[in-house]
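Engineer: for reference, the sequence and a predicted model appear below.
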Amino acid sequence: MFMRPGVKWLRLPLASRIASSRYSSTNKTVRGSMLFSMARFHSQQTNRAPNDGSKPTTSKAKSASNRGKVLLLLGLLAVGSTIVSINYQKNDPEEFLDEKSFKEVDQKSIFTPDQVSVIFVLGGPGSGKGTQCAKLVENHHFVHLSAGDLLRAEQAREGSKYGSLIKKYITEGQIVPQEITVQLLKQAIQANYNEGKTKFLVDGFPRKMDQAITFEKVIVPSKFTLFFECPEEVMLRRLLERGKTSGRDDDNIGSIKKRFKTFVDTSMPVVEYFEKQSKVVKVRCNDPIDVVYGHVEAAIKDKI
Ligand SMILES: Nc1ncnc2c1ncn2[C@@H]1O[C@H](COP(=O)(O)OP(=O)(O)OP(=O)(O)O)[C@@H](O)[C@H]1O
Ligand SMILES: O=c1ccn([C@@H]2O[C@H](COP(=O)(O)O)[C@@H](O)[C@H]2O)c(=O)[nH]1
């Protein structure tokens, strides 16, 4: 019900998808121009007089008409091939970015990494992201932006046209369409930046490949990702405990199971994507809160 187009395609390794799509498109373009060259070559060949001194055997008119047909055929093939090439070029991650402004190829990010530093904080539901971010804020004066908190605030905001949609996605453990979340983050970062704040922990985001690509393209490339590794049974225990008082729509066993599945299927590919860029710092989170914080400090001390 909440599946969006392109999900299957996104399951393939990103690098190979980009590579294969670019390879195909380049090949098709090359093939298109090769056909034009072949047509030109054919035309040159048929216009040349035989070099044995004999007269051409066919009439001028017939030969011109045949040449015309061949050129037309080759021209059509070239045009068709170019169209195929353009369609191949569409088949890259940006195909899944729904909002026009997010698709603009030449769009520069609003901030450079020198102006604004963003650390993504990822980990399974209940792994302790929010808890550890609070400690980092105390000690390093980061601005903590939790994508989940921003969505819940938008859901609760009077007059929000997205309220019921957000509630549905959150209860189902699904990822809210990126346009909403990226926009909320963009506004929050911009507002803080206007007040002179430049260091951000973006918690629980990006949860899906399209978000990762859009955020880095439209707002700012991330510095690195802090990733909390935690066994599922530990996270389950913590969330059920939190659910006794949190009042969250998704801290119940039904939603928690769905969130775990979404985490594995949809969010882990994001971690793998950044890992390939050597931009992931992993922290073991199955220890008491202060011990985990010790791991966090040790892991990031040379990176902030
Ligand atoms: N190291 C820890 N040991 C025991 N309990 C913890 C630990 N870290 C966090 N908790 C508790 O587990 C619950 C979940 O923690 P927290 O809200 O920080 O996780 P989260 O990763 O931000 O979750 P979500 O993604 O669902 O928002 C909280 O009740 C918190 O107090
Ligand atoms: O980028 C995001 C982040 C979160 N969501 C939705 O919110 C809930 C709760 O997130 P927490 O980080 O656990 O507070 C999550 O399960 C998603 O449904 C999102 O859609 N996109």
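Structural biologist: Nice, I can see it. Ligands and ions are numbered 1, 2, ... in the order given.

Engineer: Three-state assignment for the residue of the chain found nearest ligand 2, please.
Structural biologist: Residue nearest to ligand 2 within the chain: Gly148 (2.1 Å; C-beta to the nearest ligand atom). C-betas here are computed from N, CA, C, even on glycine. With DSSP: H, G, I helix; E, B strand; the rest coil as the basis, Gly148 sits in helix.

Engineer: right, and it touches Gly204 too?
Structural biologist: Yes. Counting by C-beta atoms under 8 Å, a contact exists between Gly148 and Gly204, whose distance comes to 4.8 Å.

Engineer: higher neighbour count, these two?
Structural biologist: Under the criterion of other C-beta atoms under 10 Å, the comparison of Gly148 against Gly204 puts Gly204 first, with 22 against 19.

Engineer: so that one makes contact with Val121?
Structural biologist: Yes. In this structure, Gly204 sits in contact with Val121. The criterion is C-beta under 8 Å, and the distance is 7.0 Å.

Engineer: contacting residues for Gln115?
Structural biologist: For Gln115, the residues meeting the contact criterion (C-beta atoms under 8 Å, 6 or more residues apart in numbering) are Tyr193, Thr198, Val220.

Engineer: find the nearest non-adjacent residue to the first one, please.
Structural biologist: In this case it means Tyr193. Using C-beta to C-beta, 6 or more residues apart in numbering and skipping the chain neighbours, the partner closest in space to Tyr193 is Val116 (6.2 Å).

Engineer: can you get me a residue count around that neighbour?
Structural biologist: The criterion is other C-beta under 10 Å. On that basis, Val116 has 22 neighbouring residues.

Engineer: quick one, what contacts it?
Structural biologist: Counting by C-beta under 8 Å, 6+ apart, the residues that Val116 touches are Ile189, Tyr193, Thr198, Phe200, Ile219, Val220.

Engineer: which of the residues you listed lies closest to Phe263?
Structural biologist: Phe200 (22.2 Å; C-beta to C-beta).

Engineer: in its sheet, what does the helix or strand harbouring that closest one sit against?
Structural biologist: When elements are defined using DSSP states H and E, Phe200 is found to belong to strand 199-203. For strand 199-203, sheet partners with direction are given as strand 117-123 (parallel), strand 143-146 (parallel), following DSSP bridges.

Engineer: and among those strands, the most buried is which?
Structural biologist: strand 117-123 (a mean of 24; mean count of other C-beta atoms under 10 Å).

Engineer: check which element follows that one along the chain.
Structural biologist: Per DSSP H and E, the first helix or strand lying C-terminal to strand 117-123 is helix 129-140.

Engineer: can you name every helix or strand that that next one contacts?
Structural biologist: Contacts of helix 129-140 with other secondary structure elements, assessed using 3 or more C-beta pairs under 8 Å, 6 or more residues apart in numbering; DSSP states H and E, are made with strand 117-123, strand 143-146, strand 199-203, helix 289-300.

Engineer: among these, which comes closest to Thr262?
Structural biologist: Taking C-beta to C-beta, strand 117-123 is the member of the helices and strands packed on helix 129-140 nearest to Thr262, at 12.7 Å.

Engineer: what does the average pLDDT come to for the closest one?
Structural biologist: Confidence over strand 117-123 (mean pLDDT, whole number) is 98.

Engineer: what does that strand rub up against?
Structural biologist: Counting contacts by C-beta under 8 Å, 6+ apart, the residues outside strand 117-123 that touch it are 129, 132-133, 142, 189, 198-207, 219-230, 267, 270-271, 274, 285, 300, 304.

Engineer: could you pick out the buried ones from these?
Structural biologist: By the neighbour-count criterion of 16 or more other C-beta atoms under 10 Å, those include these buried positions: 129, 132-133, 142, 189, 198-207, 219-220, 222-228, 230, 267, 270-271, 274, 285, 300.
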